[in-house]
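Asks: sequence first, predicted coordinates after that:
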Amino acid sequence: DTQARLAANIVTDAGIFGNEPVAVLNRGGGGSQEAFTFMLSHAGDPHYLLTFQASLITYVLLGEAQYELDDFTPIANVAQDPTMIVARPDTGWKTLGDLIAAAQADPGQINMGGGGVSGPDRMGLITLEKAADFKINYIPYSGGGNIHRAVLGGEIVAAAGNPSDFMASLESGDLIGLALMDTKRGEVGPMADIPTTVELGFPEAVFGTFRGWFAAGDIDDETMAVLESSFKAVTEHPDFKEKYVDRFGMRLDYMDHTEFAEYLDGRVAVFSKILKEAGV
């Protein structure tokens, strides 16, 4: 919602669509299925756009979707939301290596949480477990707020999630950031001090979710070019970086239609492999 409203304000102020009004509609019922149904009812009309993340793919892989991926046309990606590993200070862990050593010494006994059994948090942890050869006991929660409360309350000792889930507690020192599963560190606040998995010697353990835009049905080339350029302008606007990317610990990552489509094909293959190996 925050991203969509910022994008709407930017394109409106810049007059990218002339005097055409831009409205942000929330359709979140039924595990977001209401949003997909709404979009498909406007298939072929590029005036209706959807912003979504990795669940667009996982819903299909798990047989929970009432759509096919081909029903949606990728337009552009604007950011990457990396998976972060955090821990309680009373664990005594100072680094990701400390967590790994503890898990290797007591396989499957360390309680770590994240969102759901098939979302980016779980897939990110599976990727890291495989890369670093350790095993934890994963406890799923519904939503970032519940993950945050669980680790603060001691139900779990560590967690995986998006940086935005933990930002306040990282700033206060109530949680420690052990690793960012990305290729580049954050630039603002506590994010600048959290090492990436690439830095830590696990380049294969890079994981996160896209923040992209889609239309339902086909779009002609001329319209696609206009939409691509509009979202590129959004990512280049200082408000977008300050009020969205930096605020929520993300990374700017603009991809046009072709790049985004290729990226999504790769994600489908990666997600499918991880979920099958995990028995999900």
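Replies: Yep, that arrived.
Asks: what are the ranges of the helices in the stretch 51-200 of the chain?
Replies: Taking DSSP state H, counting those that start in this stretch as the test, the helices found in the stretch 51-200 of the chain are 55-61, 96-105, 120-132, 144-153, 163-172.
Asks: turn the ones you listed into TSV, including mean neighbour count.
Replies: No exception for glycine: its C-beta is placed from N, CA and C like everyone else's. As requested, those are exported to TSV (neighbours: other Cβ atoms under 10 Å):
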stretch	mean neighbour count
helix 55-61	20
helix 96-105	18
helix 120-132	23
helix 144-153	17
helix 163-172	19
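Asks: export these to TSV and tack on distance to residue 259 and mean pLDDT?
Replies: Supplementary listing: the helices of the stretch 51-200 of the chain in TSV, determined by distance: least, Cβ to Cβ, whole Å; pLDDT from 0 to 100:
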stretch	distance to residue 259	mean pLDDT
helix 55-61	17	93
helix 96-105	30	98
helix 120-132	20	95
helix 144-153	28	94
helix 163-172	24	93
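Asks: including distance to residue 112, could those go into a markdown table?
Replies: As requested, these are exported to a markdown table (distance: least, Cβ to Cβ, whole Å):
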| stretch | distance to residue 112 |
| --- | --- |
| helix 55-61 | 20 |
| helix 96-105 | 9 |
| helix 120-132 | 7 |
| helix 144-153 | 9 |
| helix 163-172 | 13 |
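Asks: of all these, which lies closest to residue 278?
Replies: Distance to residue 278, taken as Cβ to Cβ, is lowest for helix 120-132 among the helices of the stretch 51-200 of the chain, at 5.5 Å.
Asks: what does the closest one contact?
Replies: Residues from elsewhere that reach helix 120-132 (Cβ atoms under 8 Å, 6 or more residues apart in numbering): 53-54, 81, 83, 85, 96, 100, 112, 114-116, 135-136, 138, 140, 147, 159-162, 179, 181, 197, 202, 204-205, 207-209, 271, 274-275, 277-278, 280.
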